[in-house]
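Colleague: Show me how the following folds:
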Amino acid sequence: MFTSSDLKQFEDKNISTGNIEKQIENFRKGFPFIKLAAAATPAHGISVLNNEQLAKMTEAFEKKAKDYSITKMVPASGAASRMFKNLFAYIESEQEQADQEVKQFIEKIEDFAFYTALKNKLADDDYDIVQLIKSGDHKTVIRYLLTEDGLNYASMPKGLLLFHNYPKGPRTPLEEHMMEGVEYSRDIRDTVHLHFTVSPEHKEKFITKASEAAPEFQEEKKCNFNITYSVQKPSTDTIAVDMNNEPFRNPDGSILFRPGGHGALIENLNDLDADIAFIKNIDNLVPDKLRQATYTYKKVLGGLLIRLMEKSFTYLSMIKMQEAKEEIIEEAIAFAQNELNIHLADDIHDFPLEDKMMLIAEKLNRPIRICGMVRNEGEPGGGPFRVLDSSGNISLQIVESSQIDMEDETQKAIISQATHFNPVDLVCNLKDYKGEKFDLRKFIDPQTGFISIKSKDGKELKAQELPGLWNGAMARWITIFVEVPIETFNPVKTVNDLLRPQHQ
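Modeller: Coordinates of the predicted model:
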């Protein structure tokens with residue numbers, strides 16, 4: 001099936017032939033649907049913390065965070081093009097009549113943080129933005145926002161667009177994440193640790209922008225920034241096939257590979273040298289004045305992680321030192337079941353002590369993720385569910401709609417009972433009780449990828465995405481769901497989302 005040129009292509013990407021063959025087999029067999037057992041709800045699977053618990057977790061974080069190396073990881077490789085879908089459709093059409101979204105954009109254009117930059121770009125070519133709008137030449141204004149004629153925003157990463165206005169000048173999401181990180185990824189030496197996953201062609205732009213912003217922020221917040229960057233590894237790309245499941249070839253005969261989706265970032269997370277990592281999307285942020293709820297709940301989730309992590313480490317250390325008697329192991333079993341949502345055999349209490357020790361050590365010695373969940377108010381996104389695996393074990397998982405058999409009425413009924421969705425608000429530990437890094441690749445469920453139909457050069461093809469970062473890539477982690485308020489979720493999916501009060 002493969003030529004010598006193909007094998008050289010695999011070698012250059014550091015992908016084994018066996019991996020390629022496995023991917024092709026996935027195309028032929030397909031991925032199984034997730035089997036939902038029930039929606040995770042406040043009554044069953046989602047913790048809703050009272051004020052006393054919130055204060056306790058916040059205190060735990062503030063007291064103990066400095067004992068650990070903490071970083072904030074922000075997936076930031078996504079292009080901004082989808083934000084401007086309607087604006088693009090308008091300037092590419094022959095119609096002069098704008099739809100409601102375009103009308104709103106033009107009417108409120110002075111409220112956008114990029115307005116002054118856009119006005120100046122137009123002025124460079126002797127255009128007056130006010131006169132253009134007054135005369136109805138909206139397409140020129142939008143063209144200068146989106147294309148190389150002006151700001152070229154449609155080709156920029158979302159992290160480098162101007163989002164929010166401040167008296168000292170507008171900020172990008174990159175800068176907002178720097179300022180937000182000061183509050184919860186700052187170490188005992190006052191260094192703020194951040195990691196951005198970016199596309200290779202934009203990495204230098206991120207580095208330059210961060211370098212420009214850092215001096216002012218460091219002076220204001222009396223801190224230093226340690227910002228690192230990574231790109232998706234070529235080894236995580238996936239092969240594309242034609243509709244007959246044969247490798248899809250480019251005109252030059254080479255095999256077409258595609259990025260493996262955000263699940264590829266488990267490799268980037270695995271490379272981080274930190275005890276604890278917060279994970280948050282690049283576009284989910286607000287200006288300084290509205291950030292208190294975010295700060296509070298980041299500390300709450302972090303405090304809960306530290307408490308559970310340290311308790312788990314204590315049991316694991318006692319087992320390792322052979323100091324865990326029957327009573328201690330029974331405590332560890334109760335902890336695993338009641339606080340970590342770990343499914344254990346009903347008759348585990350009847351097991352010999354040695355077997356119980358081995359089993360509980362295996363169940364506890366894995367990474368923990370605390371996942372903030374927002375009450376569903378119509379926003380899109382995956383959700384928290386209780387999932388049944390092929391061995392009959394139930395675990396808490398974040399599940400996307402593409403993973404569910406929507407033809408199954410039982411599964412559809414479970415979906416209808418869901419009360420929360422996933423805003424991508426996670427904190428997790430990356431090292432075990434001995435202080436050694438987990439190999440996060442060992443905790444992926446490879447059966448949770450999915451296949452989609454795409455096209456290239458007018459020909460249909462099948463594309464394969466790896467198990468999503470917070471879906472299948474973390475399927476075998478210990479998972480805790482905690483309700484967080486809607487105020488902590490403020491994504492920007494379209495440009496007009498920046499007109500919402502949360503972004504003004």
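Colleague: report the longest helix in this protein, please.
Modeller: helix 292-320 (DSSP state H).
Colleague: what helices or strands is that helix leaning on?
Modeller: If contacts are counted by 3 or more C-beta pairs under 8 Å, 6 or more residues apart in numbering; DSSP states H and E, helix 292-320 sits against helix 51-64, helix 173-184, strand 276-280, helix 326-338, helix 353-364, strand 368-375, strand 425-429, strand 478-483. Any C-beta I mention is one placed from the backbone N, CA and C, and that applies to glycine too.
Colleague: Out of these, indicate the one that is most buried.
Modeller: Counting by mean count of other C-beta atoms under 10 Å, strand 425-429 has the highest mean neighbour count of the helices and strands packed on helix 292-320, with a mean of 26.
Colleague: could you give the mean pLDDT of that one?
Modeller: Averaging pLDDT along strand 425-429 yields 97.
Colleague: What's the first helix or strand after it?
Modeller: Next in sequence after strand 425-429, counting helices and strands by DSSP states H and E, comes strand 450-456.
Colleague: contacting residues for the residue of the chain most remote from its centre?
Modeller: What lies farthest from the middle of the chain is Ser135; by C-alpha atoms, centre = their mean that is 43.0 Å. For Ser135, the contact set (C-beta atoms under 8 Å, 6 or more residues apart in numbering) is empty.
Colleague: Check what pLDDT it gets.
Modeller: Reported pLDDT at Ser135 in the predicted model: 93.
Colleague: swap in Gly381?
Modeller: At Gly381, the model reports a pLDDT of 60.
Colleague: Please apply the same query to Gly378.
Modeller: Value for Gly378, per-residue pLDDT: 63.
Colleague: With Gln95 instead?
Modeller: We have a pLDDT of 69 for Gln95.
Colleague: before we move on, what about the one 5 residues further on?
Modeller: Looking at Gln100, its pLDDT is 86.
Colleague: burial measure for it, as a count.
Modeller: Residues near Gln100, counting by other C-beta atoms under 10 Å, number 9.
Colleague: and what of the one 3 residues further on?
Modeller: With neighbours defined by other C-beta under 10 Å, the count for Lys103 comes to 13.
Colleague: and the gap between it and Phe217?
Modeller: 37 Å (C-beta to C-beta, to the nearest Å).
Colleague: do you know how far the residue farthest from the centre of the chain is from Asp128?
Modeller: On the measure of C-beta to C-beta, Ser135 and Asp128 end up 10 Å apart.
Colleague: cool, Asn14 as well?
Modeller: Going from Asn14 to Asp128 by C-beta to C-beta gives 53 Å.
Colleague: got it, and Tyr297?
Modeller: 45 Å.
Colleague: The two - which one has more neighbours?
Modeller: Between Tyr297 and Asp128, Tyr297 has the larger neighbour count (other C-beta under 10 Å), namely 22 against 12.
Colleague: I'd assumed Pro485 was in contact with the more buried one.
Modeller: Yes: between Tyr297 and Pro485 there is a contact at 7.1 Å, judged by C-beta atoms under 8 Å.
Colleague: what pairs with the nearest residue to Val484 once chain neighbours are set aside across the strands?
Modeller: Spatial nearest neighbour of Val484, chain neighbours left out: Gly372 (3.7 Å); criterion: C-beta to C-beta, 6 or more residues apart in numbering. With DSSP bridges applied, Gly372 shows beta-bridge pairing to Val482.
Colleague: so what's Gly372 up against?
Modeller: Gly372 makes contacts with Tyr297, Leu301, Pro423, Asp425, Leu426, Val482, Glu483, Val484, Thr488, as judged by C-beta under 8 Å, 6+ apart.
Colleague: which residues does the last one contact?
Modeller: The one in question is Thr488. Going by C-beta under 8 Å, 6+ apart, Thr488 touches Ala293, Thr294, Tyr297, Gly372, Val374, Pro423, Asp425.
Colleague: The first one: neighbour count?
Modeller: Read it as Ala293. Neighbours of Ala293 using other C-beta under 10 Å come to 15.
Colleague: Can you tell me how far it is from Val48?
Modeller: With distances taken as C-beta to C-beta, Ala293 is found 15 Å from Val48.
Colleague: Val179 contacts Phe217, correct?
Modeller: I think there's a mix-up here, since residue 179 is Met and not Val. Yes: between Met179 and Phe217 there is a contact under C-beta under 8 Å: 6.2 Å.
Colleague: Val74 and Ser185 touch, don't they?
Modeller: No: using C-beta under 8 Å as the test, Val74 is too far from Ser185 to be in contact (10.6 Å).
Colleague: hey, what's in contact with both of the two?
Modeller: Residues touching both Val74 and Ser185 (C-beta under 8 Å, 6+ apart) are Leu194.
Colleague: So for those two, which residue has more residues nearby?
Modeller: Shown here are Val74 and Ser185; by other C-beta under 10 Å, Ser185 has more neighbours (27 against 24).
Colleague: any idea how far His202 is from that one?
Modeller: Ser185 is 22 Å from His202, where distance means C-beta to C-beta.
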